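Undergrad: here is my input; please provide its structure:
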Amino acid sequence: MKHNILCVDDEPDILDSLERLFRKKYNVLKAKSGAEALKLLKENSISLIITDQRMPEMTGVKFLEKSIKINPNAVRILLTGYTDIDSVVDAINSAQIYRYVTKPWDSRELSLAVDRAIERFEMAQEIRVKNIALEKANQELQSLDKAKSNFMILINHELKTPLTTLISFLDLLKDTKLDEDQKKYIDRIKKSTDRLERIILDVLELVSSETGQTKVKLQKISDKKLVEKVVEKTAEQHPLDFQLADLNFKADPQLTENVMTRLIQNAIQHGADSKSIKIETKKIDNTFHFEIQNTGQISKEIIEKILQPFATNEDIMHHSKGIGLGLSICQSLLKLQGSELKIKSSANKIICSFDFPLAE
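TA: Numbers count the residues shown, from 1 in each chain. Next comes the predicted model:
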C-alpha cells in the first residue's frame, strides 16, 4: 500500500512539480496554504509532510508546529531559500523537522531525501508497534507476579491452616487407645500429611524466591564447614565421597546450605544404590566451584525440563515422589545470589554444579 505524502506550497506550479516527482511511488495530497493542509491532515493518514517555508498567513515552520498536535508521527521536510536558513535552523526542534532542502532543489536529491524519510517513518512505526507489545508483555509479567504473590497468600493461609489443624488432631489421636488397624490408618494419614506439608513448604519457598521476597545476605563462607554441615544430615542415607579445597566464598549461608542439601538428596534419590556420590569443591579461575556427581545418564531435553517448576519424568526419576520442585528451587535460590545451577551428563555421569565469587 502506498504511503500518503502531503505537499504544501502557495505556488500551484511547485505543487504540480512535486506531484509529478512522487506520484509513481506515493499518494500525493496537495494544499495551497497551511490552513488547508491542517484540514487535510485531520482527514487523512499522512506519513510525510513536505512544505515550503515562505507562505502567506502561515509560514512552513508555524504550520509544522501546528501539525504536530494533529499527526505527531509524520516525518517533516521543509523547503526553504538560502535567506531563510538561519530562522529555519533555530526552529528545527520546535517544528520537529527531519530535514530541510534548499531551493532550487535537485530532483534526485529530494527523491532520495523523501525515500529516506519514508524509511524513517516505517522504522518508527515498527518501533511503536514493538513498544506496545513490550508494554503489554510487561503488564502481563506484572500480573503474573501479582498472581504468584496471591497464590503464595492462598497457599500459606488456606492450605497451611487446615493442615496444621489436621496434624494437631492426628497427634491427639495417637495418644488415645487404638487397635492395630486404627494405628495403621493413623500412620498412613500422618505420612500423607507430612508429604503435603513438604509440598506446601516447597511451593512457598519457590514462589517467595521467584517474586523477590526471599531475603539474601551475602557473606564470607568456608566451603569446608558448610559442606561438612550438610553432609552430616545426609551421610547416613548414602555413601558420600567428598573432596574439599578449603576455600572461602561469598554467598548467603542459609540459602546455599539449602541448595547443597537439596542437590545431595536429589542425587541420593535418583542415583544408583550401590554407587557413592562424589562432592567436590575447587577453585576455577577466580571463582569457587561446587559440584556433585552421581551415576546415571540424562538427555539434554530432560535436563531442560527438570529445571522447570513442577516438571517430573517418570522414566528418569524412577517414579519420583513430589511435584518436581527440588531443582527449580535450587535454580531460583542460586539466581537470587547471582549464580545458576548447571547440569550436564556424559559417560554415565550426572554432574550438578554452581559457582560463587571467592571471598578475600
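Undergrad: which residue is the nearest non-sequential neighbour of Ile329?
TA: Residue nearest to Ile329 in three dimensions, not counting chain neighbours: Leu206, with 5.1 Å by C-beta to C-beta, 6 or more residues apart in numbering. Backbone N, C-alpha and C define where each C-beta goes, glycine included.
Undergrad: domain ranges for the protein?
TA: Here the domain parsing of the chain from automatic domain parsing is 4-105, 132-210, 219-357.
Undergrad: including distance to Ala113, could those go into JSON lines?
TA: Putting those into JSON lines (distance: least, C-beta to C-beta, whole Å) gives the following:
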{"stretch": "domain 4-105", "distance to Ala113": "6"}
{"stretch": "domain 132-210", "distance to Ala113": "29"}
{"stretch": "domain 219-357", "distance to Ala113": "50"}
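Undergrad: and the residue nearest to Glu210 when sequence neighbours are not counted, what pLDDT?
TA: Take Glu210 and drop its neighbours on the chain: the residue closest to it by C-beta to C-beta, 6+ apart is Ser332, 5.6 Å away. Confidence at Ser332, expressed as pLDDT, is 90.
Undergrad: what do you get for Glu19?
TA: 93.
Undergrad: then the one 3 residues further on?
TA: With respect to pLDDT, Phe22 scores 92.
Undergrad: on that earlier part again, quick one: what helix or strand has the residue nearest to Ile329 in it?
TA: Using DSSP states H and E, Leu206 sits in helix 180-210.
Undergrad: list the buried residues of that helix.
TA: Neighbour counts over helix 180-210 (16 or more other C-beta atoms under 10 Å) mark 186, 190, 197, 199, 202-210 as buried.
Undergrad: show me what that helix is packed up against.
TA: helix 107-154, helix 160-174, helix 326-336 (3 or more C-beta pairs under 8 Å, 6 or more residues apart in numbering; DSSP states H and E).
Undergrad: return the distance of it from the chain's centre.
TA: Chain-centre distance of helix 180-210: 33 Å, with C-alpha atoms, centre = their mean, to the nearest Å.
Undergrad: what's the average pLDDT for that helix?
TA: Helix 180-210 comes out at a mean pLDDT of 85.
Undergrad: then stretch 52-66 to PDB, C-alphas only?
TA: Coordinates of each C-alpha in stretch 52-66 appear next as PDB, following Å, rounded to 0.1, in the frame of the first residue of the first chain:
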ATOM      1  CA  ASP A  52       7.500  25.500   1.700                       C
ATOM      2  CA  GLN A  53       8.700  27.900   4.400                       C
ATOM      3  CA  ARG A  54       7.600  31.200   2.700                       C
ATOM      4  CA  MET A  55       3.900  31.200   2.500                       C
ATOM      5  CA  PRO A  56       1.300  34.000   3.200                       C
ATOM      6  CA  GLU A  57      -0.600  33.900   6.500                       C
ATOM      7  CA  MET A  58       1.300  30.900   7.900                       C
ATOM      8  CA  THR A  59       5.000  30.100   7.400                       C
ATOM      9  CA  GLY A  60       6.100  26.500   6.900                       C
ATOM     10  CA  VAL A  61       7.600  26.300  10.400                       C
ATOM     11  CA  LYS A  62       4.400  27.600  12.000                       C
ATOM     12  CA  PHE A  63       2.400  25.100  10.000                       C
ATOM     13  CA  LEU A  64       4.700  22.200  11.000                       C
ATOM     14  CA  GLU A  65       4.500  23.200  14.700                       C
ATOM     15  CA  LYS A  66       0.700  23.000  14.500                       C
END
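Undergrad: hang on, Lys215 in a helix?
TA: No. Counting by DSSP: H, G, I helix; E, B strand; the rest coil, Lys215 falls outside a helix, being coil.
Undergrad: could you give the number of residues near it?
TA: 10 (other C-beta atoms under 10 Å).
Undergrad: all the strands of the stretch 201-350 of the chain, residue numbers only.
TA: Assigned by DSSP state E, counting those that start in this stretch, the strands in the stretch 201-350 of the chain fall at 219-222, 240-243, 248-251, 277-284, 287-295, 342-346, 349-357.
Undergrad: got a list of what the residue nearest to Ile329 touches?
TA: The contact partners of Leu206, by C-beta atoms under 8 Å, 6 or more residues apart in numbering, come to 309, 325, 328-329, 332.
Undergrad: just the angle between the helix holding Leu206 and helix 326-336, please?
TA: Helix 180-210 runs at 30 degrees relative to helix 326-336, counting by axes from the mean of the first three to the mean of the last three C-alpha atoms, to 10 degrees.
Undergrad: buried set for stretch 31-51?
TA: Of all the residues in stretch 31-51, those buried under the rule 16+ other C-beta under 10 Å are 31-34, 37-38, 40-41, 46-51.
Undergrad: so what touches stretch 28-47?
TA: Taking C-beta under 8 Å, 6+ apart as the rule, stretch 28-47 contacts 3-10, 12, 15, 18-19, 22, 49, 51, 55-60, 62-63, 66-67, 70-71, 74-75, 118, 121.
Undergrad: hmm, try it at 7 Å
TA: Here stretch 28-47 makes contact (C-beta atoms under 7 Å, 6 or more residues apart in numbering) with 3-8, 10, 15, 18-19, 22, 55, 57-58, 62-63, 66-67, 70-71, 74-75, 118, 121.
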